[in-house]
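[1] Build me a model:
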Amino acid sequence: MRLQVQKYHPENAAEWNAFVKQSVNGSFLLERDFMDYHQERFEDHSLMLYLEGQLMCCIPAHVKAGVFYSHRGLSYAGLVISAAAVSNIDRIVDALLEYVNGCAFAKAELQLPPVAYQRINKEIAAVLQYKGFISNRKLHNQSVALDQEIQVSPKKSIRYRNGKYEGLRIEVSNDFKSFWEEVLLPQLAARYHSKPVHSLAEIELLASRFPENIVQYNVYREDALLAGITFFIKGEIVKSQYTASSPEGLKTDAVAYVYMEAMKEFKEKGCSIMDYGPVNEKGGSVNKGLQRFKKQLGCQEEIWERWEFDQNI
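    Here you go, the predicted model:
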């Protein structure tokens with residue numbers, strides 16, 4: 001039997017969300033309440049693939065200038081599959097390519113989650129490569145395996161012993177406003193001439209929709225906010241989405257303190273991976289200082305690839 005490919009429509013939202021929750025590799029990022037917060041920026045072209053009436057795969061996607069993109073409004077998307085579809089990945093990719101060809105898209109691009117998240121991502125990548133996809137971007141992603149012994153460098157842990165962290169306290173809350181306005185926005189502007197992907201209003205909206213998945217860790221000394229990290233919690237995977245320090249926080253290495261304390265907490269809660277994100281600049285080069293900082297906190301590096309199928313090759 002051939003897989004039937006259906007373009008997503010808003011009336012499919014309940015079915016889509018239920019499928020993502022039960023899939024082997026989905027997360028709250030791929031639910032429509034998260035995806036659609038910035039729907040006006042993208043021409044959605046998400047797909048739902050069925051086998052004999054059973055939903056087997058969802059592909060969060062959009063189109064632009066004749067190219068089919070794994071949704072670039074998300075950190076990753078790729079193929080969200082059911083347990084029943086694990087043995088049918090090659091058929092899913094064939095059905096996707098047939099659909100892309102039938103729509104006369106010039107290219108198709110898929111951004112899978114990091115392989116470290118789950119073995120199935122490695123299997124999907126292998127099928128994509130076999131079917132003619134090529135890697136068009138490589139990021140140096142950093143993560144810590146929380147289900148193993150965390151190897152923090154003495155250069156970081158010594159600050160517990162020399163008093164540098166004395167008097168620091170962490171508050172876990174939904175106070176995104178203080179972090180955004182006092183630390184994140186001014187520091188991104190001053191150091192990188194950039195802004196966060198999410199505005200304060202957007203992150204507050206998303207946190208209201210997913211209060212268990214989006215949390216803010218702020219670190220203070222007395223009443224001074226020194227640094228913060230916004231975490232996205234995806235089941236056993238914890239992703240540091242935004243990280244920033246005030247000038248005073250940089251002097252005390254406050255971000256490292258938050259990371260080390262958060263790793264202990266998430267490890268105790270049974271999480272398996274803390275994803276620190278890539279260390280690449282916009283042009284693709286590696287930020288050596290950021291790479292060194294994350295390695296000192298116990299990170300291992302993975303080359304995270306994005307896959308492209310070009311009809312003209």
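[2] what about P186, how many neighbours?
    Each residue near P186 was counted by other Cβ atoms under 10 Å, and the total is 14. No exception for glycine: its C-beta is placed from N, CA and C like everyone else's.
[3] Just the pLDDT for it.
    As summarised for this prediction, P186 has a pLDDT of 96.
[4] Residues touching stretch 231-245, excluding its own?
    Counting contacts by Cβ atoms under 8 Å, 6 or more residues apart in numbering, the residues outside stretch 231-245 that touch it are 27-29, 75, 117, 146, 179, 183-184, 187-188, 196, 198, 212-217, 226-230, 254-255, 259, 262, 266, 270-277.
[5] Which of the residues you listed are buried? Put it as a PyMOL command.
    In PyMOL, selecting the buried portion of the contacts of stretch 231-245, with burial taken from 16 or more other Cβ atoms under 10 Å, looks like this:
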select buried, resi 27+28+29+75+117+146+179+183+184+187+188+196+198+213+214+215+216+217+226+227+228+229+230+254+255+259+262+266+271+272+273+274+275+276+277
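[6] and the contacts of stretch 231-245, which of them are in strands?
    With strands defined by DSSP state E, the entries of those inside them are 214-217, 226-230, 273-277.
[7] got the contact list for N141?
    By Cβ under 8 Å, 6+ apart, the contact set of N141 is P114, A116, D275, Y276, G277, P278, E301, E302, I303, W304.
[8] 6 Å instead, please
    N141 makes contact with P114, P278, E302, W304, according to Cβ atoms under 6 Å, 6 or more residues apart in numbering.
[9] Please name the bridge partners of it.
    Beta-bridge partners recorded for N141 (DSSP bridges): P278, E302.
[10] next one: the one 4 residues further on
    Assessed by DSSP bridges, A145 has beta-bridge partners I273.
[11] and it, how many neighbours?
    Counted with other Cβ under 10 Å, the neighbours of A145 add up to 16.
[12] what's the distance between it and C271?
    10 Å (Cβ to Cβ, to the nearest Å).
[13] for the stretch 1-150 of the chain, what spans make up the strands?
    With DSSP state E, counting those that start in this stretch as the criterion, the stretch 1-150 of the chain has strands at 4-7, 43-44, 47-51, 54-59, 61-64, 67-70, 80-81, 107-110, 134-145.
[14] packing partners for the third one?
    Secondary-structure packing of strand 47-51 (3 or more Cβ pairs under 6 Å, 6 or more residues apart in numbering; DSSP states H and E): strand 4-7, strand 54-59.
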